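Enquirer: When you get a sec, could you give me coordinates for this:
(2 chains)
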Amino acid sequence: MKILVCIKQVPDMESRFKTNGEGTWYNEADLAFRMNEYDEYAVEQAVQLKEQLGNEPEVTILSIGPDRVVEAIRKALAMGGDRGVHIRDDKCYQKDPWQIAATIASFAKEEQFDLIFTGMQSQDRGSAQVGVTVAEQLGLACATTLVGFAYDNGAITVKRELEGGSKGVVRLKLPAVVTCQLGLNIPRYPTLPNIMKAKRKELQTVPVAELLKEAELTVTDKMYPPAKKGGGLVLEGAVGDLVDRLMGILKGQTAVFR
Amino acid sequence: MKALLICEYREGKLLDSTYELLAFAGELGAGCAMVLIGSEAQAPKFNGKVYLADAAKYGEYNPDLHKKLVLEAVAKENPDYIIFSHSSYGWDLAPRVAAALKTGQISEVVAVVDGKSEVTCCNAKMRRAVAAKTARTVLTVQAGAFSLAGEPQGSPQLEELELADSASRVEFLGYEAAEKRDVDLSRAEVIVSAGRGIGKKDNVPVIAALAKALGGELGASRPVVDAGWVDHSHQVGSTGQTVRPKLYVACGISGAIQHMAGMKKADFIVAINKDKDAPIGEIADVLVVADVMLFVPALTAMCAG
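Expert: Numbering: from 1, shown residues only, chains lettered A, B, ... in the order given. Predicted structure coming up:
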């Protein structure tokens, strides 16, 4: 069985973001990058499936971006991926979801994967389009927002998370694409031996121009930090002072101590 | 301009998000028609055309068939905008329709500013104005971002939608209800919630202690439940419980949209977070910029004393 996991490297969401020079994305300078959280669940599920099938399946980890994304690919390899594919694109932030999907589909088409796992959205752009669009471009069945996954004999039974916490149970036959929601599983921490092994696993680099032949369908006019309308009070200072001030506010503005 | 709104139907009922789509289309200045894969009895209150397909035949969730039904309606209506709710139904179906039409898609619109659709990025710390380069646009709309001014009213003109071929690769096996909750947060007057910022599972009792000192209940954000630090019955948010306590204290919670959807109507909101820019600051009455694990014990001690 051949499994593909598509991962994205995104900045730490606790960062402070500023608009970049072009005015259409965030400035990447001084940001710490890490694997998109939703993708961790995708990698973990692929590795669990591989283990369920006696390690026969080959798990390919793919990521698009500049050289820094290799670190995320290596982490996925350390979690149990077998080979990495780095589609090198220093300007990947300029590509829209259609183009990202087309790049992945272009690579995947040659390989005939049985299952493609992606996160259901990225933490930075969050369009939640790429996984489904890859499926459509490849003509594959697809289910999204997975919080449950079970494989049996060429078919998968998955649970989709719905608003309110209930789930929709769906069955589909392979080949298929699935997008993963938070909480699908518990992503493993790579062990040190696996991190060392990952350094020796195959990592192929492909320039994006070899794969991307599609023009963008959408364009970002501008990206900016919104004006804070909050209007709430921001308290800073020493813990003791903060406690006193908050107690005063709670006593004055709520009934909690009456 | 013409918009085709894709209604959502679940467990035999039309979802109210339909009217949010109507409000959004209004802001775009578009006339509307709707698609409902549901039942005639649940047709929306709307003075326009509704393309109706029977959910008994095509299923409540069947993306292959629903895509084809929507495309049938698109062919008849020729809309400029095709609008979905950004929900587990909408974000699943919209890209399929967009791909079939090779149309640009804009996801999770939160506002229309100067005629342009805007979405959020980076945990809502940034806003992005996006436009399609194609003649048509597929859009999904954030839950709760738009609402009708008054009550929905009207009686639609129904037109049947049918497919010659109902082959599909997906089989819907049914719904699994959300787990029964041991904890009913909906009646709590005070809720103190633990978020990822508490650091580790061992720190949960510190948050629970503050809840107790304030006479309230323990709540939790999704990451903390997913990590197994707190049981799901305490989860607050769009896939957990929606709460309206008199006081909500969010400890180490950044404020993901889904969490805020579950607690933003609390009377008084206090957020404790070391990130001054955390999105929860937008809805908090007070944001205490501090290390949760230093601040909370000190506050608990003061409450108890």
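
Enquirer: ok, longest strand in chain B?
Expert: If you go by DSSP state E, chain B has its longest strand at strand B:104-113.

Enquirer: May I see the buried residues of it?
Expert: Residues of strand B:104-113 classed as buried by neighbour count (16 or more other Cβ atoms under 10 Å in any protein chain shown): B:104-112. Placement of C-beta: from N, CA and C, glycine included.

Enquirer: Intersect these with the contacts of chain A.
Expert: Within the set of those, contact with chain A (Cβ under 8 Å from any Cβ of the partner chain) is found for B:104-108.

Enquirer: Helices along the stretch 51-200 of chain A, start to end?
Expert: In the stretch 51-200 of chain A, the segments counted as helices under DSSP state H, counting those that start in this stretch are A:69-79, A:97-111, A:130-138, A:192-198.

Enquirer: Quickly compare the ones you listed and say which is most buried.
Expert: helix A:130-138 (a mean of 25; mean count of other Cβ atoms under 10 Å in any protein chain shown).

Enquirer: Go ahead and name everything in contact with that one.
Expert: A:6, A:97-98, A:100-102, A:104-105, A:108-109, A:116, A:118-120, A:122, A:140-142, A:144, A:176-179, B:91-92, B:95-96, B:98-100 (Cβ atoms under 8 Å, 6 or more residues apart in numbering or on different chains).

Enquirer: how about the helices in the stretch 151-300 of chain B?
Expert: According to DSSP H, counting those that start in this stretch, the helices that the stretch 151-300 of chain B contains are B:204-213, B:222-226, B:257-263, B:292-304.

Enquirer: End to end on stretch B:253-270, go ahead and measure it.
Expert: For stretch B:253-270, the first and last residues are 11 Å from each other (Cα to Cα, to the nearest Å).

Enquirer: Could you pull out the buried residues of it?
Expert: B:253-264, B:266, B:268-270.

Enquirer: quick one on the thing from earlier: will you turn the ones next to chain A among the buried residues of strand B:104-113 into TSV that also has pLDDT?
Expert: Formatted as TSV, these follow (pLDDT from 0 to 100):
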residue	pLDDT
B:104	98
B:105	98
B:106	98
B:107	98
B:108	96
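
Enquirer: sorry, back to before: just the buried residues of stretch B:253-270 that are near chain A?
Expert: Within those, those near chain A by Cβ under 8 Å from any Cβ are B:254, B:268-270.

Enquirer: quick revisit: who's in contact with the following helix or strand past the longest strand of chain B?
Expert: Heading C-terminal from strand B:104-113, the first helix or strand you meet, by DSSP states H and E, is strand B:116-121. Strand B:116-121 has contacts (Cβ under 8 Å, 6+ apart) with A:26, A:124-127, A:221, A:223, A:226, B:106-112, B:126-131, B:139, B:142, B:257.

Enquirer: Report the contact partners of residue B:271.
Expert: Contacts of residue B:271 by Cβ under 8 Å, 6+ apart are B:249-250, B:253, B:255, B:278, B:280-281, B:284, B:286-288.

Enquirer: switch to 7 Å and redo it
Expert: Residue B:271 makes contact with B:250, B:253, B:278, B:280-281, B:284, B:287, according to Cβ atoms under 7 Å, 6 or more residues apart in numbering or on different chains.

Enquirer: Of the residues you listed - the most surrounded one?
Expert: Highest neighbour count within the contacts of residue B:271, by other Cβ atoms under 10 Å in any protein chain shown: residue B:253, with 33 neighbours.

Enquirer: Please report the distance of that residue from chain A.
Expert: As judged by Cβ to the nearest Cβ, to the nearest Å, residue B:253 and chain A stand 12 Å apart.

Enquirer: Just confirm that residue contacts residue B:195, I think it does.
Expert: Yes. Counting by Cβ atoms under 7 Å, residue B:253 does reach residue B:195; the two are 3.1 Å apart.

Enquirer: hmm, back to that, would you mind saying which of the helices of the stretch 51-200 of chain A lies nearest residue A:216?
Expert: Comparison of the helices of the stretch 51-200 of chain A against residue A:216 by Cβ to Cβ identifies helix A:97-111 as nearest, at 5.6 Å.

Enquirer: partners of the longest strand seen in chain A in the sheet?
Expert: Assignment by DSSP E gives strand A:141-152 as the longest strand of chain A. Strand A:141-152 pairs in its sheet with strand A:155-161 (antiparallel), strand A:176-180 (parallel), by DSSP bridges.

Enquirer: Show me what the first one is in contact with.
Expert: Right, the one you point to is strand A:155-161. A:143-150, A:167-174, A:176, A:178, A:181, B:88, B:176, B:239.

Enquirer: which of those are buried?
Expert: A:143-149, A:167-172, A:176, A:178, A:181, B:88, B:239.

Enquirer: Spatially, and excluding backbone neighbours, which residue is closest to residue B:235.
Expert: Leaving aside its sequence neighbours, residue B:235 sits nearest to residue B:225 (Cβ to Cβ, 6 or more residues apart in numbering or on different chains; 4.7 Å).

Enquirer: Now do that neighbour, the pLDDT please.
Expert: Residue B:225 is assigned 93 on the pLDDT scale.

Enquirer: before we move on, what about the one 4 residues further on?
Expert: Note for residue B:229: predicted pLDDT of 96.

Enquirer: can you check residue B:215 too?
Expert: At residue B:215, the pLDDT recorded in the model is 94.

Enquirer: That one against residue B:190, yeah?
Expert: Yes. Assessed by Cβ under 7 Å, residue B:215 is found in contact with residue B:190 at 5.8 Å.

Enquirer: ok, those two, which is more surrounded?
Expert: Between residue B:215 and residue B:190, counted using other Cβ under 10 Å, the more crowded position is residue B:190 (23 against 13).

Enquirer: In space, what's closest to the more buried one - neighbours in sequence excluded?
Expert: residue B:216 (2.8 Å).

Enquirer: again with residue B:184
Expert: Once flanking residues are discounted, residue B:184 sits nearest to residue B:241: 8.0 Å by Cβ to Cβ, 6+ apart.

Enquirer: partner residues bridging the one you found?
Expert: Beta-bridge partners recorded for residue B:241 (DSSP bridges): residue B:236.

Enquirer: before we move on, what about residue B:84?
Expert: residue B:140.
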